[in-house]
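okay, here's the prediction I keep looking at, along with the sequence it came from:
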Amino acid sequence: MDRPFIFINSAMSADGKLSTKERKQVKISGKLDFERMDELRAQADAIMVGIGTVLADDPSLTIKSPERKASRKAAGKSENPVRIIVDSAARIPLNSDIFKKGEGLRVIAVSNSAPAEKIKSLEEKARVIKTGDFKVNLPELAVKLKEMGINTLMVEGGATLNWGMLSAGLVDEVYTFVGNLIIGGKTAPTFTDGEGFTEAELLGLELLSAEKIEAGVLLKWKVEGKRN
């Protein structure tokens, strides 16, 4: 395979929403699911999110457990996976938490139309990968990440990046924690936004497991491709 093994990990409400209509983060899962997510991060070579997630939540994308950090260091790795932001127009603020917290390589993926001055500033803080004319070419980016030695890539959203990865056929598995709440709102982001598939393009999944965790359920899916 000329790209990494790629999986999406996400938490959503029972009606499939990632956050409220104000795009404000809501606590959907509890401590056990946060521990599961931290372990997934620790096992991955890289974590990737879209610029919308950075602008809304300003995540550091670091591993939280000292034990997991130590385990990675003992294995000769950085204490955090490579942290990747898909940011076609290079909108990421230079004071974002991803630049301030935790050791390890940061990668900003931009398009060829991103402002040259902003790219120059970003190159002082991260490795910048340019691909695509006006939007980041995700298949090309995946190949470049594989060439960097990234074999396992964890995608943490948001809705736009999830859609881009799934619609490009780049996702192998999907892990969704479904919480015990309803958020509602036609403008609240769902697990996947974007244009949506037609009936002929619908993406098929195979259920690998379903596990009750605290007050919600964790569903693990294998992406099978277009349904016949």
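Yep, it's here. Numbering: from 1, shown residues only.

helices of this structure, residue ranges please.
In the chain, helices defined by DSSP state H lie at 31-43, 51-57, 66-74, 97-100, 116-122, 138-147, 159-167, listed in chain order.

pipe those into TSV and attach distance to Val82, mean neighbour count and mean pLDDT per row.
For glycine as for every other residue, the C-beta is placed from the backbone atoms N, C-alpha and C. Compiled in TSV, these are given as follows (distance: least, C-beta to C-beta, whole Å; neighbours: other C-beta atoms under 10 Å; pLDDT from 0 to 100):
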stretch	distance to Val82	mean neighbour count	mean pLDDT
helix 31-43	11	16	96
helix 51-57	15	20	94
helix 66-74	12	14	97
helix 97-100	11	17	97
helix 116-122	15	13	97
helix 138-147	8	18	98
helix 159-167	16	21	97
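
closest to Lys222 out of those helices?
Checking these against Lys222 by C-beta to C-beta gives helix 159-167 as the closest, at 12.9 Å.

name the helices or strands packed onto that closest one?
For helix 159-167, the elements it packs on are strand 5-12, strand 46-50, helix 51-57, strand 152-155, judged by 3 or more C-beta pairs under 8 Å, 6 or more residues apart in numbering; DSSP states H and E.

low-confidence ranges in the protein?
Residues of the chain meeting the criterion pLDDT under 70: 228.

surely Asn137 is in contact with Val143?
No: between Asn137 and Val143 there is no contact under C-beta atoms under 8 Å: 9.5 Å.

can I get the helices of the chain in TSV with distance to Val223?
Below are the helices of the chain laid out as TSV (distance: least, C-beta to C-beta, whole Å):
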stretch	distance to Val223
helix 31-43	17
helix 51-57	21
helix 66-74	27
helix 97-100	27
helix 116-122	32
helix 138-147	14
helix 159-167	7
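
tabulate the helices and strands packed on helix 159-167 in CSV, adding columns for distance to Glu195.
Listed next are the helices and strands packed on helix 159-167 as CSV, based on distance: least, C-beta to C-beta, whole Å:
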stretch, distance to Glu195
strand 5-12, 18
strand 46-50, 16
helix 51-57, 16
strand 152-155, 19
